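**Student:** Sequence below, structure please.
(chains A and B)
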Amino acid sequence: MKVFFAFVKKEFWHVIRDKRSLIILIGLPIVMMLLFGFALTSEVKNSNIAILDFSKDPATKTLVDRIDQSQYFTVNKYLNSEKEIEGVFRKGEVRLVLIFPQNFENDLSKDKKTQVRLVADASDPNTANITINYASAIIRDYQNEVNENKMLPYAIEMETRMLYNPQLKSSYNFVPGVMTLIMMLLGAMMTSVSIVKEKEMGTMEILLVSPMKPIMVLISKAVPYMVLCFLDIILILLMAVYILDMPIQGSLVLLLAESLLFIITTLSLGLLISVNVNSQQVAMFISLVALLMPSLIFSGFMFPIENMPLPLQVMSNLIPTKWYYSIMKAIMVKGLSFEFVLKQTLILAGMTVFFLSIAIKKFKINLEA
Amino acid sequence: MSSISVKNITKTYEKGKVLALDNISLEVKSGELFGLIGPDGAGKTTLFRILTTLLVADQGQATVAGLDVVKNLWDIRKIVGYMPGKFSLYQDLSIEENLNFFATVFNTTVEENFHLIEDIYVQIEPFKKRLAGKLSGGMKQKLALCCALIHQPKVLFLDEPTTGVDPVSRKEFWDMLDRLKSRGITILVSTPYMDEASRCDRIALIQKGKILDIDTLKNIISKNTQLLLAVKGEERFRLLNDIRAYEDTLTCFAFGEENHVVLKSGTEKVDSLSKYLADKNHKGVEIKAIEPNIEDTFIKLMLESENPQ
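**Tutor:** Prediction:
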């Protein structure tokens, strides 16, 4: 036990004295959270739009005001002719142009029918779609108000409700995603690199010629990183709750317990890498390419798995991050209890046992190739 | 009683393609300071790793302190001290931290065995807060030796401890080994420096995985009855080439200012050699008979093992 604590102490010295690993451990979660929270957001806020208004009557004015006041749009240009539309798009000044025809109010009140044209810059198809949807929603609201006291002969009224995330905040999606990626990166990469470093520096040679059992070496190397990863989870959760206003719906204890399980999964992957390679570069390369890339693609965080071709969907089941991500979303966003994530938890636990037993089996007690 | 016993050890790498040790046998007596002397790539490190249980030999048996290196692996790991050829301590830990860490790994404390390392440790103690990576070569070696000694090993394996260390530190290091020997620790040390052979009780000359000879330095040299000439001249490089081209020359190697020459005909035809060199316009040529040193002997044994008659 004394040996174990001496090892853990030594491991913390390594981390604290190496500025790079400190930056990765503390800086990376903060930077990723801030990046996804404020910079890389898929939400559309304050998009610039231009108005081409041929009628300039009270109705169009009200509508334009509403659009301008919404948090999604800022009207920054009034156009005078259709010719100008292409110009503003080319310059990239606006994402959307609203075109009101002549006699908008007149047509609306007398003929009960008029048109609004929405022209969007679809060079970025997602944003174009979202802006169109937001603009249509505002126009629909206005239309409902105008119709308020009149009975329409036939009308299907749509009432949509966004469950679990009524404000459609992207943080509900990326916080579990960032947790997944950070754990994969830190747990697997840092552990494998730190073990391989002992091989590279030759210290493993001395440790092997000591009474310390190799399995103890592995555990002593893994535990400090487990603690650090766990601290990172807490850091991320604190940032999510206090900076990004994202409530944690489910049980915090369950959330942390599942995270601990996933940390052990990533550590065993790290150990698995470290017993197979002999240089830090290779360990880092494998962690990035063989672990981080599939995690990014197959976790469901960036790309919906349902949209993938069947072989890839099947493959995604082999990626541990997919299961952790779905557990995290279930607990954090939907507030589900343990029985709803039992299946994923068992799969994750099974994978962990599998990786860990291979790693231990392959761990060499000497330097034989 | 022998402390280290190696019997017919053969070791190959890359599935038998590279022969590292070729049927080696040697015995190191208890309390002996035994030197393994040979150039880089001779197989010294491989033998050290087999004896410290880091590698498994293809054939043969070896015991350390009576324990089999394969069967009693864990017992051996408790009683040996090992200092690898490459500096293998934690560069980002200080002298003090390294020492404490290795003491703990070997289930002991620095205080408990301080008497063993005291006279070495006092030399590096003023820098005990300094990180190991920032120490000079000599200080690194002293720290590594402290770490290898901290658990009071019965047998000490030092793989090229003086490589890359300045001459003064090398001498100090060998003085330290003498003191350790007087405490009854068996020491197996390897070195590529022939001049260090004189500090060992007995030496084994090793080359290309084969042992050329095992004996005391004195005996090894006295077995070399070859008649050796030292030839000096003004144009050293041309002289070397011309002597090598001479028909009666068996071997000729440069040693500092001199060329050590062995003639096929012994020393009978020294006159014809000096005449040959005079014909070649060499000035200031001096030829004298000398006693062979360890390096001459090593070269002789090496050539004999490569071209057995």
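
**Student:** near chain B, which residues of the stretch 251-369 of chain A show up?
**Tutor:** When proximity is defined as CB under 8 Å from any CB of the partner chain, the stretch 251-369 of chain A approaches chain B at A:365-369. Quick note: C-beta positions are derived from backbone N, CA and C, even for glycine.

**Student:** Okay, and which of the residues you listed map to strands?
**Tutor:** Among these, none falls in strands (DSSP state E).

**Student:** So the residue in chain B positioned nearest to chain A, which state does it fall into?
**Tutor:** Closest approach between chain B and chain A, counting by CB to the nearest CB: B:Ser88, at 3.3 Å. Secondary structure state of B:Ser88, per DSSP: H, G, I helix; E, B strand; the rest coil, is coil.

**Student:** Where does A:Met284 fall, secondary structure wise?
**Tutor:** helix A:280-286 (DSSP states H and E).

**Student:** okay, the helix or strand that comes right after that helix in CSV with CA atoms only?
**Tutor:** Past helix A:280-286, further along toward the C-terminus, the next helix or strand under DSSP H and E is helix A:293-298. Only the C-alpha atoms of helix A:293-298 are listed here, as CSV (Å, rounded to 0.1, in the frame of the first residue of the first chain):
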residue,chain,number,x,y,z
MET,A,293,-11.8,9.7,-34.5
PRO,A,294,-14.2,6.8,-34.2
SER,A,295,-15.5,8.3,-30.9
LEU,A,296,-16.1,11.6,-32.6
ILE,A,297,-17.9,10.0,-35.5
PHE,A,298,-19.8,7.2,-33.9
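
**Student:** Which stretches in the stretch 51-200 of chain B count as helices?
**Tutor:** B:73-79, B:95-105, B:114-124, B:137-149, B:167-182 (DSSP state H, counting those that start in this stretch).

**Student:** Point out the residues in the stretch 101-250 of chain B that sit beside chain A.
**Tutor:** Residues of the stretch 101-250 of chain B found near chain A (CB under 8 Å from any CB) are B:101-102, B:104-107, B:131, B:147.

**Student:** Could you list the low-pLDDT ranges of chain B?
**Tutor:** B:267, B:309 (pLDDT under 70).

**Student:** Show me it divided up by domain.
**Tutor:** As given by automatic domain parsing, the domain ranges for chain B are B:2-222, B:228-291.

**Student:** what's the span of the first one, first residue to last?
**Tutor:** For domain B:2-222, the first and last residues are 25 Å from each other (CA to CA, to the nearest Å).

**Student:** Which residue would be the closest one in chain A to chain B?
**Tutor:** A:Gly202 (3.3 Å).

**Student:** so who does the residue lying closest to that residue once chain neighbours are set aside touch?
**Tutor:** Using CB to CB, 6 or more residues apart in numbering or on different chains and skipping the chain neighbours, the partner closest in space to A:Gly202 is B:Ser88 (3.3 Å). B:Ser88 is in contact with A:201-203, A:205-206, B:144, counting by CB atoms under 8 Å, 6 or more residues apart in numbering or on different chains.

**Student:** Just the buried ones from the residues you listed, in PyMOL syntax?
**Tutor:** Selection of the buried residues among the contacts of B:Ser88 in PyMOL, burial being defined by 16 or more other CB atoms under 10 Å in any protein chain shown:
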select buried, (chain A and resi 201+203+205+206) or (chain B and resi 144)
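
**Student:** Just the contacts of B:Ser88: which are in strands?
**Tutor:** Of these, none are assigned to strands by DSSP E.

**Student:** What separation is there between B:Pro192 and B:Asp40?
**Tutor:** Using CB to CB, to the nearest Å, we find B:Pro192 at a distance of 6 Å from B:Asp40.

**Student:** more crowded one of those two?
**Tutor:** Using other CB atoms under 10 Å in any protein chain shown as the criterion, B:Pro192 and B:Asp40 rank with B:Pro192 on top: 15 against 10.

**Student:** No further questions, thank you.
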